[in-house]
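1. Using only what follows, build the 3D model:
(one chain, ligands or ions: 1)
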Amino acid sequence: MRTSWADSVASSASENDGLASNNAAAAAAAGSRSARSAYVPPHLRNRPAALAGAVDPPPAAYTAAPSSSGNRWGGGSGGGARADPGRSGGGWGVRGGSGGGGWDRREREVNPFGDDGDVDAELAFQQENTGINFDAYEDIPVETSGDNVPPPVNTFAEIDLGEALNLNIRRCKYVKPTPVQRHAIPISLMGRDLMACAQTGSGKTAAFCFPIISGIMNGPFAQRPRGARTVYPLALILSPTRELSCQIHEEAKKFSYQTGVRVVVAYGGAPINQQLRDLERGVDILVATPGRLVDLLERARVSLQMIRYLALDEADRMLDMGFEPQIRKIVEQMDMPARGVRQTMLFSATFPKEIQRLASDFLSSYIFLAVGRVGSSTDLIVQRVEFVNESDKRSHLMDLLHAQRANGSVGKQALTLVFVETKKGADSLEYWLCSNGFPATTIHGDRSQQEREQALRSFKSGTTPILVATDVAARGLDIPHVAHVVNFDLPNDIDDYVHRIGRTGRAGKTGLATAFFNENNSSLAKALADLMQESNQEVPAWLTRYAARAYGGGGRNRRTGGGRFGGRDFRRDAAYSRGGSNVDYYGGASSGGYGGSAGGYASGGYGPGVTTHLPPLEDMFLTGIKGAFRVGTGITLVKQWVGNEEIQERNATCPDWKRGCGRMFEESALISYAENAVARTRPLFFFDRKDKATIFSAYSPRELSLNR
Ligand SMILES: Nc1ncnc2c1ncn2[C@@H]1O[C@H](COP(=O)(O)OP(=O)(O)OP(=O)(O)O)[C@@H](O)[C@H]1O
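-> I've put the predicted structure just below:
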């Protein structure tokens, strides 16, 4: 039976395709969008028209504006485990009954640390933070922007997180906060929205979990409706893959042990009934993948009406085209309190400016935080690039692994993660490695959920110290002892490369990343060389030559053209503040998005009139035989196309591109253009200039659809 990986991106072809087709359908329906009624979950139906289908007014308890101290719901600073009315001490009380988000009275909270409770005595015998060298992060440049940014802290003791949470932090052996934690936690505790970018492995999970847990512990009691089967979490943490959601869930459970805050996870690919039972036992923090959450919302088993905190991990991925429609649905079209009422936190190691712009739709008067440059990789990772022809890759890998084995160069327990492009490629490489005496397993979107879990377990335990993976394993996974990441096939996007190599060199440890580069990767050359140079790596002379030749270092590379290299808040970029209206991004414009007027991107619609909200792409016209067509790029391709370099790259794949600007263009040529040049991974919209309707939209070569 096909498991529902619908909400697990990286597994993803299936889901992305699904999403893409949904998205295509959405775009197709763009012209009639206004006539289409919005989905109303069952528990919101039969309500006064003003309320149904709209954002519910949040409960009075947390409609207050952010307070300058404490969280935005006016919660005081707090001590130990939460002692809500209706809860018994120690955090196991019953709150709100079943469906109301409280603990089941009969449930015992498993100790995730396996200690006997005497934490301090136990820790005294252990070397604190064994092997973790956070001093490595000390000299990282930090940029913050926005109004009234609170000062960073240097120790956890300076932050009032509450006794129970502090105890768990000690149990985790976190001695001091990492740079992103030092800055992000005070910002979030102040009740401010946050867009945070920090390098892979630098502790972002705790940076958003601590303020959420502390806020729930210390915030006002949440009186949740009783009786119904619907549950009302107070915090929602969304992540793109199932494995990552599980990992965040595990971490959050550790942090919230004996705090009285209950964390539940919901993801696709696993039986929903078990997850429903978990939810029914009560939930304060729901960690979820978008697809499964939408399912739960549509079944009216979860309501977002009482959400106080929304965190998106891997936020740039979540707002990329594959997920954006689902995220908009969850955040804007269900019953979640509006931005400015809820507190929103976005985290990632990469944050292209066009995604920052999109993300600002979900934030209110937010603070931007960049620890290190946006999208940079940590220099704890030694990066090597080797020129390897396609046909030599296997033998080259074999040489690497033999050398590794012979000289123990990456350590005894060392694990090697090998990234490949396709699922088939993963299977076949795994088979070949095993046949050649290297125990390997594989993780990709065609494997069942059980197989994927088994593969991860076997890799983590060292039973199969080589894991061959597609991008399903590229983001967020924190697997100890991954000493070597091999990019057997390089990705097209430098951001994907950053996330992939970030599976090693985590939490202050060093790591090694080797990439096999050949002619097929020339579009990545410039971005790769720049990234390596920036992180003080030795760039081979031949790569520099490729980079110079490739001019623009294309692919979906967003570093070129001044896009984001330099790591800064997009609001500071003058180009973004033009937009035709006087949008004050710092003040939180009404739409928060480009152009600032109603509709368009800000409302998530791509319907008629959307062209008025496109960034300045006035020169990007193709004139077709049936009228004038504007090529809009949705969101993410805009900057890429404006830069000369990108046009160069497009030329490489679509010779007609440059010639086609402003000229007659056959419809078939447009389609082939879409197939060949742009639609590999991101959507492309063609707009008829006259009536501004989408004439067709393309998501991938397979998903090209004609919607006339
Ligand atoms: N203050 C701390 N002290 C010691 N270890 C920490 C601290 N904060 C986090 N860690 C550890 O650092 C590792 C990386 O943390 P985490 O997975 O949150 O990184 P991340 O920034 O989210 O990475 P990615 O961008 O890859 O998702 C984890 O093993 C975590 O337990």
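2. all contacts plus neighbour counts: C-alpha atoms, from now on.
-> Noted.
3. Can you give me the distance of whatever residue of the stretch 251-400 of the chain ends up closest to the ligand to Pro337?
-> Using CA to the nearest ligand atom, the single residue of the stretch 251-400 of the chain nearest to the ligand is Ala349, 5.0 Å away. Using CA to CA, to the nearest Å, Ala349 is found at 27 Å from Pro337.
4. Looking at these two, which one has more neighbours?
-> Ala349 (30 against 25; other CA atoms under 10 Å).
5. Return the distance of the more buried one relative to Lys204.
-> From Ala349 to Lys204 the distance is 9 Å (CA to CA).
6. shared neighbours of these two, anything?
-> Ala198 (CA atoms under 8 Å, 6 or more residues apart in numbering).
7. For the stretch 601-708 of the chain, list the residues in contact with the ligand, please.
-> Within the stretch 601-708 of the chain, no position is adjacent to the ligand by CA under 6 Å from any ligand atom.
8. where does the stretch 351-500 of the chain come near the ligand, residue by residue?
-> The stretch 351-500 of the chain has residues Arg475, Gly476, Asp478 near the ligand, with proximity defined as CA under 6 Å from any ligand atom.
9. neighbours of the last one, just the number please.
-> Neighbouring residues of Asp478 were enumerated by other CA under 10 Å; the total is 18.
10. My read is that it contacts Ile501, right?
-> No: under the criterion of CA atoms under 8 Å, Asp478 makes no contact with Ile501, lying 11.8 Å away.
11. Please list the residues of the stretch 151-300 of the chain that sit near the ligand.
-> Going by CA under 6 Å from any ligand atom, the residues of the stretch 151-300 of the chain near the ligand are 174-178, 199-206.
12. Kindly recompute the last result at 8 Å.
-> Contact residues, the stretch 151-300 of the chain versus the ligand (CA under 8 Å from any ligand atom): 172-178, 181, 198-207, 251.
13. Inside helices: which ones of those?
-> Among those, the ones falling in helices (DSSP state H) are Gln181, Lys204, Thr205, Ala206, Ala207, Glu251.
14. Skipping adjacent residues, who's closest to the fifth one in space?
-> When the adjacent residues along the chain are set aside, Ala207 lies closest to Gln181, with 4.8 Å between them (CA to CA, 6 or more residues apart in numbering).
15. Can you name the residue of the stretch 451-600 of the chain nearest to the ligand?
-> Counting by CA to the nearest ligand atom, the stretch 451-600 of the chain gets nearest to the ligand through Gly476 (3.2 Å).
16. Give me the number of neighbouring residues for that residue.
-> 26.
17. Model confidence for it, exactly?
-> For Gly476, the pLDDT comes out at 95.
18. ok, Val341 - how many residues close by?
-> Neighbour tally, Val341, other CA under 10 Å: 21.
19. Let me fix that, I meant to ask about Ser395.
-> 11.
20. Could you pull up phi and psi at it?
-> The phi/psi pair for Ser395 (degrees, to the nearest 10) reads phi -70, psi -30.
21. same thing with Pro465?
-> phi -70, psi 0.
22. residues touching the closest residue to it other than its chain neighbours, list them.
-> Nearest residue to Pro465 in three dimensions, chain neighbours excluded: Leu415, at 4.8 Å (CA to CA, 6+ apart). Shown in contact with Leu415 (CA under 8 Å, 6+ apart): Phe459, Lys460, Gly462, Pro465, Ile466, Leu467, His481, Val482, Ala483, His484.
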